[in-house]
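[1] next comes the sequence, and after it the predicted model I'd like to discuss.
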Amino acid sequence: MSGADEGALTAGNPRGDRLAVTEGARMGFIQIIDNTTSRMDEIEALSEQLRADMAGETTVRKVTITQDRDRPGRFLVIAEFDSYEDAMKNSEHPATQAFAAKMAELCDGPPTFVNLDVVRVDAPAIDVRETETAATT
């Protein structure tokens with residue numbers, strides 16, 4: 001790796017950690033669902049039921065639920081998939097369709113969807129030596 005490449009891996013990172021950089025056309029797909037509700041506990045219970053109903057069938061890789069600190073009752077759901085096609089397959093599943101209909105009843109208004117193709121991911125690199133040392137101690 002050249003010095004310029006090494007600098008790019010640590011640029012903008014105040015701790016100076018190396019970053020694992022991944023780029024490519026087929027890196028993944030993220031859907032953000034922006035909704036407002038005062039009934040999040042009920043949506044959480046509904047989400048648990050969806051996970052049970054789709055055990056072994058879901059194509060979602062990861063789901064993160066966030067709450068807006070500045071706007072109470074606003075939640076953003078960040079769903080990550082390996083591809084747009086996987087997201088559409090998941091969306092078309094009968095359990096997902098039923099979940100979406102019930103969730104809409106629990107929200108204060110219609111959700112907003114943002115559909116994103118992943119073009120680059122920067123993440124702290126894992127030092128294999130540190131991992132091996134921790135495993136042996």
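    Cool, the structure landed. Keep in mind that this is a model prediction, so the values were computed, not measured.
[2] I'd like the average pLDDT over the strand or helix carrying residue 52.
    Assigned by DSSP states H and E, residue 52 belongs to helix 40-53. Helix 40-53 carries an average pLDDT of 90.
[3] what does stretch 76-96 give?
    94.
[4] centre of the chain versus it, how much separation?
    Its chain's average C-alpha position is 11 Å from that of stretch 76-96, according to Cα atoms, centre = their mean, to the nearest Å.
[5] which of the residues in it are buried?
    The neighbour-count check on stretch 76-96 (16 or more other Cβ atoms under 10 Å) flags 76-77, 79-81, 84, 86-87, 90, 93, 95-96 as buried. Heads up, the C-betas are built off the backbone N, CA and C, glycines and all.
[6] contact partners of that stretch?
    The contact list for stretch 76-96 (Cβ atoms under 8 Å, 6 or more residues apart in numbering) reads 26, 28-35, 50, 53-54, 57-66, 68, 97, 115, 117.
[7] try it again with 6 Å
    Residues outside stretch 76-96 that contact it (Cβ atoms under 6 Å, 6 or more residues apart in numbering): 28-34, 50, 53-54, 58-66.
[8] okay, and which of those map to helices?
    50, 53 (DSSP state H).
[9] out of the contacts of stretch 76-96, which end up buried?
    Listed as buried from the contacts of stretch 76-96 are 28-33, 50, 54, 58-60; burial here means 16+ other Cβ under 10 Å.
[10] who is the closest residue to residue 33 other than its chain neighbours paired with across the strands?
    Leaving aside its sequence neighbours, residue 33 sits nearest to residue 77 (Cβ to Cβ, 6 or more residues apart in numbering; 4.3 Å). As for beta bridges, residue 77 partners with residue 33, residue 65 under DSSP bridges.
[11] gap between residue 77 and residue 112?
    Distance, residue 77 to residue 112, by Cβ to Cβ, to the nearest Å: 11 Å.
[12] identify the contacts common to those two.
    Residues touching both residue 77 and residue 112 (Cβ under 6 Å, 6+ apart): none.
[13] all good on my end, thank you.
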